[in-house]
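A.B. asks: With the sequence up front, the predicted model follows.
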Amino acid sequence: MKVVALIPARYEASRFPGKLMAKLGTKSVILRTYEAVIKTCLFSETYVVTDSDIIYNEIIDNGGKAIKSKKEHECGSDRIAEAAEQIEADIIVNVQGDEPFTKEGPLTELLSVFEGPDADQIDLASLMQVLNKVNLIEDPNYVKVVVNQENYAMLFSRSPIPYPRNNAANPKYYEHIGVYAFRKQALIDFYNTPMTILEDTEKIECLRYLEIGKKIKMVETEYMGIAIDTPEDLENAKAFIED
C-alpha cells in the first residue's frame with residue numbers, strides 16, 4: 001500500500017495572514033510542518049501543495065518537494081486532489097500546513113484503519129479528540145463531529161452537537177482534527193463534485209463527503225499538537241521548540 005502525504009498550504013488566512021511563513025524559532029511554520037511529516041517516516045513521498053510562489057520557494061530552497069496549484073481552490077481537499085490526480089498512490093494523507101508539531105503516533109493510528117476488519121468500507125478516515133471544556137464546545141472555531149457505534153461520522157458542525165437537551169444523558173463531545181487519510185478515488189470524487197449546500201453553509205469540507213455518500217471512519221486520539229491559527233498560537237508554540 002503506497003501512502004503519500006500532501007500538505008495544502010495557502011498563503012492567505014483570514015485570522016492570521018501569511019501565518020505559514022511566520023517564523024517559529026529559526027524556521028517558518030510551513031517548513032517545520034514539512035520536516036515534521038518527513039520525520040514520521042510513514043510516507044513514500046511528501047509534498048507541499050500551494051498557490052503561493054513564496055511558500056513554494058521556501059520548500060524547494062530548503063531541499064523539499066512542492067507542487068504549485070494550477071487553479072484557485074476554496075478548501076484543502078480540492079487543492080490536494082488536483083495534485084493527487086498526477087500522483088501514484090493508494091492512500092493520500094492530508095496534513096494541514098499549520099501543524100508544525102505533527103507526530104508519528106496519531107498518523108499511525110489513522111493509517112491503521114485501512115488494515116482493519118472494515119477497511120473495505122472506508123473511503124476516508126480522520127482524527128477526533130474529546131472536548132471537555134464548555135467554552136470550546138460552544139466555540140464555532142472548533143468543529144464538532146458526531147459518530148455512530150462503529151465510529152463512522154454522522155455529522156460535522158460548528159455548533160455544539162449533540163444539543164444537550166438532556167444533560168443527564170452525559171453526552172460526549174468530539175473535536176474534529178483536520179488530518180485526513182483518503183483513498184485516492186474518494187478524493188478525486190470529492191474534487192469532481194461541486195460544493196454542497198451543507199458544506200457551503202458551515203464551511204466544513206467533510207460535509208461534502210457525507211452528502212455524496214462517502215463513509216468517514218473517525219479515530220479517537222489524544223492528539224495534543226498546536227495548530228497555528230492566530231498570532232497567540234504562534235507565541236505559545238515558541239515554548240515547545242528547540243531551534
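C.D. replies: Nice, I can see it. Residues are numbered from 1 along each chain as shown.

A.B. asks: Residue 176: what's it in contact with?
C.D. replies: By C-beta atoms under 8 Å, 6 or more residues apart in numbering, the contact list for residue 176 reads 126, 127, 128, 143, 144, 145, 156, 206, 218. Where C-beta positions appear, they are placed from N, C-alpha and C, glycine not excepted.

A.B. asks: After the host helix or strand of the third one, which helix or strand is next?
C.D. replies: Which is residue 128. Per DSSP states H and E, residue 128 falls inside strand 124-131. The helix or strand immediately downstream of strand 124-131 is helix 134-137, counting by DSSP H and E.

A.B. asks: how distant is the helix or strand following that following helix from the center of its chain?
C.D. replies: The first helix or strand that comes after helix 134-137 along the chain, using DSSP H and E, is strand 144-147. Here strand 144-147 is found 15 Å from its chain centre; the criterion is C-alpha atoms, centre = their mean, to the nearest Å.

A.B. asks: Quick one: list the elements packing against strand 144-147.
C.D. replies: Applying 3 or more C-beta pairs under 8 Å, 6 or more residues apart in numbering; DSSP states H and E, one finds that strand 144-147 makes contact with strand 124-131, strand 153-157, strand 173-183.

A.B. asks: thinking again about what came up before, which one of the contacts of residue 176 is nearest to residue 30?
C.D. replies: residue 127 (20.4 Å; C-beta to C-beta).

A.B. asks: how about the strands of this structure, start to end?
C.D. replies: In order along the chain, the chain carries the following strands (DSSP state E): 3-9, 23-24, 27-28, 45-50, 66-68, 91-94, 124-131, 144-147, 153-157, 173-183, 216-220.

A.B. asks: As TSV, the ones you listed with distance to residue 101 and mean pLDDT would be great.
C.D. replies: Below are the strands of the chain laid out as TSV (distance: least, C-beta to C-beta, whole Å; pLDDT from 0 to 100):
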stretch	distance to residue 101	mean pLDDT
strand 3-9	14	95
strand 23-24	10	92
strand 27-28	13	95
strand 45-50	16	96
strand 66-68	21	95
strand 91-94	16	96
strand 124-131	14	96
strand 144-147	22	98
strand 153-157	24	98
strand 173-183	12	94
strand 216-220	18	97
